[in-house]
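Novice: coordinates only, sequence not included:
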Ligand SMILES: *Cc1c(COP(=O)(O)O)cnc(C)c1O
């Protein structure tokens, strides 16, 4: 049976998985969702013997039904290989009473690698299946980590070009260096004079611009997206939640069918939505705990039922979560509205025009699977410090947002289910903030000097991703204003 996808803003039209991956965003501006979430085709007990790659195939084949077995297995084999520094791909570390699912062992040491190492293969396979002749231009807005992971994934992939926009003063030094030193003739990196939301809105506007689409088509190009609005990002992310459950079973940390909780440090709502899909597939997840930093628009939404982006944008030490418009939330809004495309469209229009919307009481009642919390900058630093002092485990700032929220949730709710914390970045990526949290004497010191200190205190090896950029040549220096993004894309592509 073929699983089809429809837009959150149009219940009528459907497309295949490969078409949804190619398009990224639906023509009406909505996000593609599967018409139903498939059930796991195997028992939980059967999962526990499987490798990461086997679980990836088991999960993804249920979502990407128009891929052949050979195509999908080939994509998986190319993605989850020695680019990862551990055969487990996503190891689970038990620290104190929690399980840290380390999603940062890929090429760019953040969790975006989990999906972006496979997306280029899913996309080029989709292009072949649909006889696409145009060159595919990946257009991406990044709050820091997506950009590099997408660049690394698409660099020199035939038939593609990639253009990444990042907020000039909104990413860490390591993140910026990782991007501007990117090799590959098909890669472009642009710093915009604005924040991540400006970058994301600018990219979305280009996707929705029919005139631009026509011009590009005449020049032999078409856009696609590597952002987490692409279903080709979301589906591979479901895999590691299934894998984490399998690992807990295999290690006899839980009994079969035992419910667990999951805490996810959240920005664009992609990662936690994947956990929600895993739950809907049949993984016994009780609570999905959404952890925000001081940009706590999601925390407020879960408390009040009102989503309100009209607030000050705070630059925090967890920049990949500095987001006020969480794109993927639309998929949840659609779901809790009873798949009412009309309602979803109305709310998203309100978000665009007023910057806020309120869901109905009935919709709010459908959010019972979720809990939410947020962490202040001070709490994040304290968590990194305390866990290091007590256990020697060093976590990054994003993971520390989740760990802080986890502790507070556990105390307040008395819910003592075993809990998986999504650990989304290597501490090496945010060495400055991490070392300053461990000892304030490091405050203000150069990130690269602190990398060596971090190695000493953590006793872990400096990842290749960091060694690589230490002496690499800067290859990208384009900057532009927010209102010049479209012109910049045309310049890069040589379209007038
Ligand atoms: C992207 C990112 C997040 C947020 O994930 P979303 O899917 O956008 O919610 C959290 N932590 C890190 C390190 C990230 O790179």
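Specialist: Received it, and whenever you're ready, just let me know what you need. Just so you know, these numbers come straight off a predicted model, no measurement behind them.

Novice: which secondary structure element contains residue 11?
Specialist: Taking DSSP states H and E as the criterion, residue 11 maps to strand 10-15.

Novice: same for that strand, what does it pack against?
Specialist: For strand 10-15, the packing partners by 3 or more CB pairs under 8 Å, 6 or more residues apart in numbering; DSSP states H and E come out as strand 5-7. Backbone N, C-alpha and C define where each C-beta goes, glycine included.

Novice: Go again with 10 Å.
Specialist: If contacts are counted by 3 or more CB pairs under 10 Å, 6 or more residues apart in numbering; DSSP states H and E, strand 10-15 sits against strand 5-7, helix 17-23, strand 32-34, helix 341-354.

Novice: any chance of these in TSV, plus mean neighbour count and distance to the ligand?
Specialist: Formatted as TSV, the helices and strands packed on strand 10-15 follow (neighbours: other CB atoms under 10 Å; distance: least, CB to the nearest ligand atom, whole Å):
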stretch	mean neighbour count	distance to the ligand
strand 5-7	23	19
helix 17-23	24	18
strand 32-34	24	16
helix 341-354	16	17
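
Novice: nearest to residue 128, of these?
Specialist: Judged by CB to CB, the one of the helices and strands packed on strand 10-15 that comes nearest to residue 128 is helix 17-23, at 9.0 Å.

Novice: so what's the nearest residue to residue 42 once chain neighbours are set aside up against?
Specialist: Residue nearest to residue 42 in three dimensions, not counting chain neighbours: residue 58, with 6.1 Å by CB to CB, 6 or more residues apart in numbering. Residue 58 makes contact with 40, 41, 42, 46, 47, 50, 239, 242, 246, according to CB atoms under 10 Å, 6 or more residues apart in numbering.

Novice: Pull the contacting residues for the second one.
Specialist: By that I understand residue 41. Taking CB under 10 Å, 6+ apart, we find residue 41 in contact with 58, 59, 61, 62, 281, 282.

Novice: Tell me the secondary structure at it.
Specialist: Judged by DSSP: H, G, I helix; E, B strand; the rest coil, the three-state class of residue 41 is coil.

Novice: and if you look at residue 178?
Specialist: Following three-state DSSP, residue 178 is assigned to helix.

Novice: Could you export the helices and strands packed on strand 10-15 as JSON lines, including mean pLDDT?
Specialist: Output for the helices and strands packed on strand 10-15, formatted as JSON lines (pLDDT from 0 to 100):
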{"stretch": "strand 5-7", "mean pLDDT": "98"}
{"stretch": "helix 17-23", "mean pLDDT": "95"}
{"stretch": "strand 32-34", "mean pLDDT": "97"}
{"stretch": "helix 341-354", "mean pLDDT": "97"}
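
Novice: Any chance of those in TSV with distance to residue 87 as columns?
Specialist: Converted to TSV, the helices and strands packed on strand 10-15 look like this (distance: least, CB to CB, whole Å):
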stretch	distance to residue 87
strand 5-7	33
helix 17-23	27
strand 32-34	30
helix 341-354	42
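
Novice: The stretch 251-400 of the chain: helices as residue ranges?
Specialist: Using DSSP state H, counting those that start in this stretch, the helices of the stretch 251-400 of the chain run over 270-281, 297-304, 329-336, 341-354, 361-365, 377-391, 397-413.

Novice: So is the last one next to the ligand?
Specialist: The reference is to helix 397-413. Yes. Contact of helix 397-413 with the ligand (CB under 6 Å from any ligand atom) involves residue 398.

Novice: Determine the set of other helices and strands touching the following helix or strand past that helix.
Specialist: Sequence order places strand 419-423 as the next helix or strand after helix 397-413, per DSSP H and E. Contacts defined by 3+ CB pairs under 10 Å, 6+ apart place strand 419-423 against strand 92-95, strand 98-102, helix 231-250, strand 260-265, helix 270-281, strand 285-292, helix 397-413.

Novice: Quick one: name the residues of the stretch 51-200 of the chain near the ligand.
Specialist: 110, 111, 112, 145.

Novice: change it to 8 Å
Specialist: Counting by CB under 8 Å from any ligand atom, the residues of the stretch 51-200 of the chain close to the ligand are 104, 110, 111, 112, 143, 144, 145, 146.

Novice: which SS state does the last one fall under?
Specialist: I take that to be residue 146. helix.

Novice: Am I right that it is in contact with residue 154?
Specialist: No. Taking CB atoms under 10 Å as the definition, residue 146 is not a contact partner of residue 154, at 11.7 Å.

Novice: Show me which of these two is the more surrounded one.
Specialist: Between residue 146 and residue 154, counting by other CB atoms under 10 Å, residue 146 is the more crowded of the two (28 against 25).

Novice: nearest residue to the more buried one other than its sequence neighbours?
Specialist: Spatial nearest neighbour of residue 146, chain neighbours left out: residue 112 (5.0 Å); criterion: CB to CB, 6+ apart.

Novice: And for residue 446?
Specialist: That would be residue 432: by CB to CB, 6+ apart, it lies 8.0 Å from residue 446.

Novice: Which secondary structure element is home to the one you found?
Specialist: Residue 432 belongs to helix 431-438, assigned by DSSP H and E.

Novice: Residue 64 reaches residue 4, doesn't it?
Specialist: No. At 11.6 Å, residue 64 does not count as touching residue 4 under the criterion of CB under 10 Å.

Novice: more neighbours, those two?
Specialist: More crowded of residue 64 and residue 4, by other CB under 10 Å: residue 64, with 25 against 18.

Novice: show me the residues around the more buried one that make contact.
Specialist: Per CB under 10 Å, 6+ apart, neighbours of residue 64: 3, 16-18, 20-21, 34, 71-72, 75, 122, 125-126, 231-232, 235-236.

Novice: need the residues of the stretch 301-450 of the chain near the ligand, please.
Specialist: Within the stretch 301-450 of the chain, the residues that sit near the ligand (CB under 8 Å from any ligand atom) are 318, 320-321, 323, 326, 328, 396, 398-399, 422, 424-425, 429.

Novice: Most neighbours out of these, which is it?
Specialist: Among those, residue 399 has the most neighbours (other CB under 10 Å), with 33 neighbours.

Novice: returning to what we had before: out of the helices and strands packed on strand 10-15, which gets nearest to residue 137?
Specialist: Across those, residue 137 has its closest neighbour in helix 17-23 (11.9 Å, CB to CB).

Novice: distance between the closest one and the chain's centre?
Specialist: 18 Å (CA atoms, centre = their mean, to the nearest Å).
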